[in-house]
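>>> build me a structure from this.
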Amino acid sequence: MLRILFTCLLLCPIARADEPKGPNDDVLEIAYEYEDGGHYKWKGSGVPEELRFGGEQILPKGDGTYCCGYTLAVVFKAAEQRGLLEKKTVDDVRKLHKMWYGDTDDSKETLVQHALKELKLGKSVEHEDAQPGDFVQFWRTNKSGHSVIFLEWIVDEGARIGVKYRSSQKSTDGIGDRIEYFSDVDNQDGKLDRKRFYIVRLNKPE
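Have a look, this model is predicted:
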């Protein structure tokens, strides 16, 4: 037993406090604080808990969750923790909500990307620079869309053929991780439109 323990100490990687962290580690931590499932319901606020700011209710807790509600809850908590909302007003946060859901003319295509850029809370990210914890709005060739948290690319022979993400959707009856493929990939029945895949990263703490 001692020999096995000694071998493990020599060979097993040990996490170090000074190891570099990704730009979105806090976003991912928040994303996984919400348990899987919880019921998918495309109605109401769609958020997994009440969102409050400046002493006012922004959104009530939903009876279930859907994509925009779940990702808004995550970005809201992450932005608060980073101090990015300290100079924002209640009206600003209400605008964030509306743009995040695509309820304005300017935001209805890129949603999350437009919302963070418009309020100077984030910046656009190219596909090749995507990192776990970035926020994504994508569209499918069947005209449906989805708001998600990027986890990783699915890669085959060096080519990005799909994406693994975390969001709330019917297939997981609420919050969960899922994989989808791009429509131009053979033998995967993918529907993601590569040209309508918008990525944004929350700004660093001020």
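
>>> mind checking the longest helix of the chain?
In the chain, taking DSSP state H as the definition, the longest helix is helix 67-81.

>>> mean confidence for the one helix or strand residue 117 maps to?
Using DSSP states H and E, residue 117 falls within helix 112-118. The pLDDT scores in helix 112-118 average 98.

>>> mind listing the strands for this protein?
Here the chain has its strands, by DSSP state E, at 37-38, 51-53, 56-59, 122-125, 135-140, 145-156, 159-169, 174-181, 192-202.

>>> and the gap between residue 25 and residue 131?
Using C-beta to C-beta, to the nearest Å, we find residue 25 at a distance of 10 Å from residue 131. (Each C-beta comes from the backbone N, C-alpha and C, glycine too.)

>>> what about those two, which has more around it?
residue 131 (17 against 12; other C-beta atoms under 10 Å).

>>> quick check, that one in contact with residue 149.
No - look at residue 131 against residue 149 with C-beta atoms under 8 Å: they stay out of range, at 11.0 Å.

>>> how about the most centrally placed residue in the chain, what does it touch?
The chain has residue 149 as the residue nearest its centroid, 2.1 Å off, counting by C-alpha atoms, centre = their mean. With contact set as C-beta atoms under 8 Å, 6 or more residues apart in numbering, residue 149 has these partners: 27-28, 31, 71, 74, 133-136, 165-167.

>>> now with 7 Å, please.
27, 31, 71, 74, 133, 135, 165-167 (C-beta atoms under 7 Å, 6 or more residues apart in numbering).

>>> residue 160 now?
Applying C-beta under 7 Å, 6+ apart, the residues near residue 160 are 127, 153.

>>> tell me, how many residues neighbour residue 22?
Based on other C-beta under 10 Å, the number of other residues close to residue 22 is 12.

>>> for it, give me phi and psi.
For residue 22, the backbone dihedrals are phi -70, psi 160 (criterion: degrees, to the nearest 10).

>>> so residue 83 sits against residue 205, correct?
Yes - assessed by C-beta atoms under 7 Å, residue 83 is found in contact with residue 205 at 5.4 Å.

>>> give the buried residues for stretch 177-189.
178, 180-182, 185, 188 (16 or more other C-beta atoms under 10 Å).

>>> kindly apply the preceding question to stretch 127-144 instead.
130-140.

>>> same check, this time on stretch 60-67
62, 64-67.

>>> check the gap between the residue lying closest to residue 78 once chain neighbours are set aside and residue 135 for me.
Closest residue to residue 78 apart from its sequence neighbours, by C-beta to C-beta, 6 or more residues apart in numbering: residue 27 at 4.8 Å. Residue 27 sits 8 Å away from residue 135, going by C-beta to C-beta.

>>> tell me where the model's unsure across the protein.
Across the chain, the ranges flagged by pLDDT under 70 are 1-20.
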